[in-house]
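Q: can't give you the sequence, but here's the structure:
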């Protein structure tokens, strides 16, 4: 059975004090409930602001129950690219995952499908698992198709696609269970055209207005493989309530 990834994306929030408090409380809670978390096949990812990735890595102190995820990466490994961070640098501080093409990167930083496809490709060949965000565009399959056309279907093996419907981003409104399942099936059916074996080698996640109030239905009444959580992950008690509702305490 696939692990269901729960990604807490803190975006541009937090400081050393609040992050330390968060990590201490979350790690304690996970330790106390590890058996239930493992029984439910849950994998927890923390995605702090990039400047605090190494700080969080040190706080985690090789804690294998929480994985470190970057909110972004540059398309270059090194060179005269002021203000950027590379996948080699991320790997050096124990980052295991990276969010690629988040809706806010598209909206506020004008990331297009060419840049996103390149970031996806270099993350894969750098052995940092990408979380590819789609759904901000009208045709949500365009980004996936661009990656396949440029790099082949095999590049999508052992990766994650996070569906972010634009109507749910920051609105507090989520689509119906049927809608989410239909989108999941649409993505998988599209991929089947290129490779019949990809179903067991790809994870479809959902992101957009996830909260402790709707997390149970999202995890247990849809066919998704995890969640990308933004606003709710900036509140420690919401994080704990979300995990509780997933592991059915």
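A: Happy to help now that I have it. Just so you know, these numbers come straight off a predicted model, no measurement behind them.
Q: Next, count neighbours for residue 119.
A: 23 (other Cβ atoms under 10 Å). Bear in mind the C-beta positions are built from the backbone N, C-alpha and C, glycine included.
Q: what's the residue lying closest to residue 8 once chain neighbours are set aside in contact with, if anything?
A: Excluding the flanking residues, the one nearest residue 8 by Cβ to Cβ, 6 or more residues apart in numbering is residue 233, at 3.5 Å. Residues in contact with residue 233 (Cβ atoms under 8 Å, 6 or more residues apart in numbering) are 8-10, 239, 242.
Q: What strand or helix carries the residue located most distally from the centre of the chain?
A: Distance from the C-alpha centroid of the chain peaks at residue 80, with 28.5 Å (Cα atoms, centre = their mean). Residue 80 is part of no helix or strand, with elements assigned from DSSP states H and E.
Q: If I look at it, what pLDDT would I see?
A: Residue 80 carries a pLDDT value of 97.
Q: how much space between it and residue 74?
A: Between residue 80 and residue 74 the computed distance is 12 Å (Cβ to Cβ, to the nearest Å).
Q: ok, residue 228 - contacts?
A: With contacts defined as Cβ under 8 Å, 6+ apart, residue 228 is in contact with 7, 9, 99, 131, 133, 162, 164, 205-207, 210.
Q: quick one: residue 20 from residue 223, how far?
A: 37 Å.
Q: So these two - more neighbours on which side?
A: residue 20 (15 against 12).
Q: nearest residue to the more buried one other than its sequence neighbours?
A: Nearest to residue 20 is residue 59, by Cβ to Cβ, 6+ apart, at 6.3 Å.
Q: repeat for residue 104
A: residue 11 (7.4 Å).
Q: Around residue 50, how many other residues sit close by?
A: 17.
Q: let's number from 845 now, not from 1
A: Sure, I'll start numbering at 845, so the last one becomes residue 894.
Q: List phi and psi for the closest residue in space to residue 846 that isn't next to it in sequence.
A: Leaving out its chain neighbours, the residue that sits closest to residue 846 by Cβ to Cβ, 6+ apart is residue 1069, at 5.4 Å. Main-chain dihedrals, residue 1069, degrees, to the nearest 10: phi -110, psi 20.
Q: can the contacts of residue 1077 go into TSV with extra columns for secondary structure, neighbour count and pLDDT?
A: Listed next are the contacts of residue 1077 as TSV, based on DSSP: H, G, I helix; E, B strand; the rest coil; neighbours: other Cβ atoms under 10 Å; pLDDT from 0 to 100:
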residue	secondary structure	neighbour count	pLDDT
852	strand	24	97
853	strand	24	97
854	coil	21	97
1083	helix	22	96
1086	helix	26	97
